[in-house]
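Asker: Sequence first, predicted model second:
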Amino acid sequence: MKTKIIRKCWNIILTFILIIALFFVIAFIGVRLIGLTPYIVTSGSMEPQYPVGSLIYVKEVKPENINVGDAITFYMGEDKVVATHQVYEIDRENQMFYTQGINNKDSNGNIIHDVSPVSSSSIIGIPVFHIPYLGHINKMCTTTPGIYILVGIAIIILIISFLLDGNGRKNK
């Protein structure tokens, strides 16, 4: 009787773990199926709109559909660092977008404009939505230590499941 209760509790815990895992798979990978690409917010330049550690979901957009006031995600320079900043001016003729981090301010509280404009060829898209803190989890799951932890957790879950299944068979 005790083993049945333990197995029932384990099944509930395992179901909960699988639901969480499914959520993360959809949040990190599945969104790509609907044309969104997730990026981790690593700086506070766009706070409070996009807090550090958030996961933003970016949709491709044609440069002609971008307006002043929109946030855009783009490549910065040759090293392919990605940034998301707000557009404050557009040069349609030269297809250049002038951007600013809304939290980058001088000592008088004025927003500091980015040094270089963004060419239309560097634009990835516009953020559609974001989920606070999820970027921290994404980063943990995609780095070597995080992967080792996830594999370790999976092994522990399998061992517990086999032990409980073995006990159930012995008691039948």
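Answerer: Nice, I can see it. Numbers count the residues shown, from 1 in each chain.

Asker: Now do the SS call for residue 109.
Answerer: Under DSSP: H, G, I helix; E, B strand; the rest coil, residue 109 falls in the coil class.

Asker: Phi first, then psi, for it.
Answerer: Dihedral angles phi and psi of residue 109 (degrees, to the nearest 10) take the values phi 90, psi 10.

Asker: got it, and residue 16?
Answerer: Dihedral pair for residue 16: phi -60, psi -40, per degrees, to the nearest 10.

Asker: what does residue 132 give?
Answerer: According to degrees, to the nearest 10, residue 132 has phi -60, psi 150.

Asker: Name the nearest residue to it, ignoring sequence neighbours.
Answerer: Nearest residue to residue 132, sequence neighbours excluded (C-beta to C-beta, 6 or more residues apart in numbering): residue 54, at 4.9 Å. Bear in mind the C-beta positions are built from the backbone N, C-alpha and C, glycine included.

Asker: wait, doesn't the one you found sit right on residue 133?
Answerer: Yes - counting by C-beta atoms under 8 Å, residue 133 is a contact partner of residue 54 at 7.0 Å.

Asker: Distance from the chain centre to the helix or strand hosting residue 39, please.
Answerer: Using DSSP states H and E, residue 39 sits within strand 36-40. Between the mean C-alpha location of strand 36-40 and the chain-wide mean there is a distance of 5 Å, by C-alpha atoms, centre = their mean, to the nearest Å.

Asker: Give me every residue in contact with that strand, excluding its own residues.
Answerer: The contact list for strand 36-40, computed with C-beta atoms under 8 Å, 6 or more residues apart in numbering, reads 27-28, 31, 53-59, 73, 82, 84, 124-125, 128, 135-136, 138-139.

Asker: quick one: which of the residues you listed sit in strands?
Answerer: Of the contacts of strand 36-40, the ones assigned to strands by DSSP state E are 55-59, 73, 82, 84, 124-125, 128.

Asker: From residue 38, how far out is residue 70?
Answerer: 19 Å (C-beta to C-beta, to the nearest Å).

Asker: Would you mind giving the domain segments of this structure?
Answerer: 1-34+142-172, 35-133 (automatic domain parsing).

Asker: Test my guess that residue 90 contacts residue 68.
Answerer: Yes - counting by C-beta under 8 Å, residue 68 is a contact partner of residue 90 at 6.1 Å.
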